[in-house]
Every structure is written in C-alpha cells, then in structure tokens.
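Student: prediction below, plus the sequence it came from.
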Amino acid sequence: MDDTERLKPSSTPQAIASRLETLILDGVFRPGQLLPSERRLCERLGVARSSLREALGTLRSKGIIITRQGRGSEVAPLVEAPHVTPLMHLFREHPRTLYDLLEVRALLEGESASLAANRGTPSDRVLITRRYREMADYVEQAESIDVGRLARLDHAFHLAICQASHNPVLMHTLSSLTDLLLSSVFASVRHLYHRPDSRDMINRQHARLHRAVVEGKPQLARRIALEHLSTISEQLREIDAEGQRLERAAMRLEDW
C-alpha cells in the first residue's frame with residue numbers, strides 16, 4: 001500500500017478504530033473473544049499494519065480491548081458483571097423478582113423479535129434456525145432433560161433473535177443481563193418442563209416464534225414472544241399459589 005492510499009480517510013488509524021468499534025457494537029467481535037491476528041485484520045480491512053496497530057492502541061486506551069503477552073487482543077467486558085453488585089444479589093435471592101424480570105424480558109424480547117423479523121439478514125436467519133434446531137433436537141432426542149443445558153440452549157435461541165435486531169443498544173442491554181435472564185429461563189424450565197401440557201406449550205411457542213421471525217412477520221413475532229412470556233408468568237404464578245394453598249392446608253391439620 002503506497003503513501004497516497006494510507007492517507008485515505010477510511011485507512012487512517014481513527015477510521016480503523018471506528019470500524020473496529022462498530023464491529024464490536026454489532027456483535028461481530030464479542031466480549032471475551034480474541035480478535036483475529038494483525039495480519040488477518042489488515043487483509044480484511046485493507047489497511048497498513050502500522051495504522052492498525054495505532055488503532056488497536058486507541059481501543060486499548062479506551063478499555064475496549066485487552067492485550068495479553070503471547071495471547072493477542074480480546075474484546076473487554078463491555079459492562080460490569082451484574083452478579084457482583086448488591087442489587088443483583090438481592091434480585092437472585094428474592095424469588096418475587098422473577099415476575100419483574102419476566103416483565104422486562106417481555107418488553108425487550110417482544111421488540112427484538114419484531115425487529116429481527118423486519119431486519120434479519122439471510123445469515124441471521126441461518127443462525128436463528130441453527131440455535132432453534134439445537135434446542136429442539138435436544139428436547140426430542142434426550143432421554144432425560146438436563147435443566148441447565150436446556151436453559152442455556154433456550155437462552156441462546158432468544159439471544160440469536162436479539163442479535164438479528166441489529167440494534168446494538170438492545171443487544172448489549174440483554175447481554176448485560178445474561179445471568180439474570182438465564183436464571184429466569186432456568187426457573188421456567190425447572191418448574192414447567194416436567195408438566196406435559198406446559199412442555200408442549202413451550203415447544204409450540206418456540207416453533208411458532210422461530211417461524212414468524214425467519215418468515216419476516218414482525219407483528220406476529222412480537223405477539224408470539226409476548227404470549228410466550230405471559231403464559232410462562234401465569235403458569236409460574238399458579239404453581240406458587242398452589243404451593244401456598246397446600247402449605248395452608250397442611251398447617252390447618254397440625255396440632256397448634
């Protein structure tokens with residue numbers, strides 16, 4: 001590359017840093033992921049290595065990437081780990097917040113499903129279908145369901161839909177709540193999946209949500225996502241109420 005090419009606006013260190021930031025915001029490079037080698041980045045971006053190194057230095061100074069000797073550069077955590085804060089501890093220790101979390105999921109995931117159906121690219125639809133098939137195949141083939149594994153597959157499916165929204169703020173907001181979101185998925189799987197009617201309902205809703213998103217039907221995708229979370233919330237509340245009724249009945253039989 002000659003000196004004239006290096007002075008092109010798109011080849012300056014500032015422009016390269018901006019391009020890399022966009023790739024990180026868009027989820028092409030995710031927190032904890034190693035960046036490609038300098039040689040590979042230069043080839044893909046069509047820039048000089050000296051400019052790339054200066055751009056990487058800019059990202060390091062901003063705390064966006066971390067460079068370790070002998071390992072290369074990786075994307076830094078973009079948000080503080082939620083489980084270390086006192087607020088997140090309170091959320092985890094008090095089950096009533098599960099319903100608050102399901103309400104938040106409805107707000108975020110309903111919109112992300114609509115946006116994904118409207119904006120999703122063919123590549124996005126391939127990934128969404130892959131995540132859906134991984135979840136559905138596990139349910140169909142497993143002799144006994146590992147709740148933790150199914151919860152992670154379930155969460156990965158919904159996250160793939162969120163990524164297809166092409167809204168970086170929405171995507172990183174959901175990513176910052178991963179631990180809490182995963183805990184809500186775990187709770188729904190653990191309490192509902194052993195019930196045949198609930199299990200069939202969840203499986204049908206996932207299938208319908210997948211179909212609506214990949215077929216590009218935003219209003220239907222939003223409606224199914226909201227219905228999915230609303231039904232889960234209602235059924236978990238009924239299980240809670242049933243448990244309280246059983247407890248009261250047992251207490252009345254005791255000799256006080």
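Tutor: Arrived safely. Numbers count the residues shown, from 1 in each chain.

Student: quick one: the helices in this protein, in order.
Tutor: With helices called from DSSP state H, the chain shows them at 3-6, 13-25, 38-45, 49-61, 86-93, 97-119, 122-141, 147-163, 168-176, 178-192, 196-214, 218-253.

Student: tell me which of these lies nearest to V75.
Tutor: Nearest to V75, of all these, is helix 13-25, at 5.7 Å by Cβ to Cβ. For every residue, glycine as well, the C-beta is placed using N, CA and C.

Student: can you list the low-confidence ranges for the stretch 1-150 of the chain?
Tutor: Low-confidence segments of the stretch 1-150 of the chain, defined by pLDDT under 70: 1-9, 78-96.

Student: the same query, at a cut-off of 50, please.
Tutor: 1-7, 82-83 (pLDDT under 50).

Student: quick check: end-to-end length of stretch 26-42?
Tutor: 20 Å (Cα to Cα, to the nearest Å).

Student: buried stuff in that stretch?
Tutor: Going by neighbour count (16 or more other Cβ atoms under 10 Å), the buried part of stretch 26-42 is G27, F29, P31, L35, L41, C42.

Student: among these, which pair sits farthest apart?
Tutor: Maximum pairwise distance in the buried residues of stretch 26-42, criterion Cβ to Cβ, is 23.4 Å, between P31 and C42.

Student: how close does the residue nearest the centre of the chain get to L182?
Tutor: In the chain, the centroid-proximal residue (Cα atoms, centre = their mean) is L159; its distance is 3.1 Å. Taking Cβ to Cβ, to the nearest Å as the measure, L159 falls 10 Å from L182.

Student: got a list of what L127 touches?
Tutor: Neighbour list for L127: A160, Q163, A164 [criterion: Cβ atoms under 8 Å, 6 or more residues apart in numbering].

Student: and of these, the nearest to S198?
Tutor: A160 (23.3 Å).

Student: ok, the closest one - contacts?
Tutor: Going by Cβ under 8 Å, 6+ apart, A160 touches D124, L127, I128, R130, R131.

Student: got it, and L52?
Tutor: P13, I16, E38, L41, C42, L45.

Student: distance of it from A156?
Tutor: According to Cβ to Cβ, L52 stands 32 Å off from A156.

Student: and Y193, its phi and psi?
Tutor: phi -70, psi -20 (degrees, to the nearest 10).

Student: repeat for V47
Tutor: Per degrees, to the nearest 10, the backbone of V47 is at phi -130, psi 170.

Student: test my guess that it contacts Q14.
Tutor: No: assessed by Cβ atoms under 8 Å, V47 is found out of contact with Q14, at 11.7 Å.

Student: okay, those two: which has more neighbours?
Tutor: The residue with more neighbours, out of V47 and Q14, is V47; 23 against 12, by other Cβ atoms under 10 Å.

Student: show me the domain layout of this protein.
Tutor: What the TED database lists as the domains of the chain is 13-75, 86-254.
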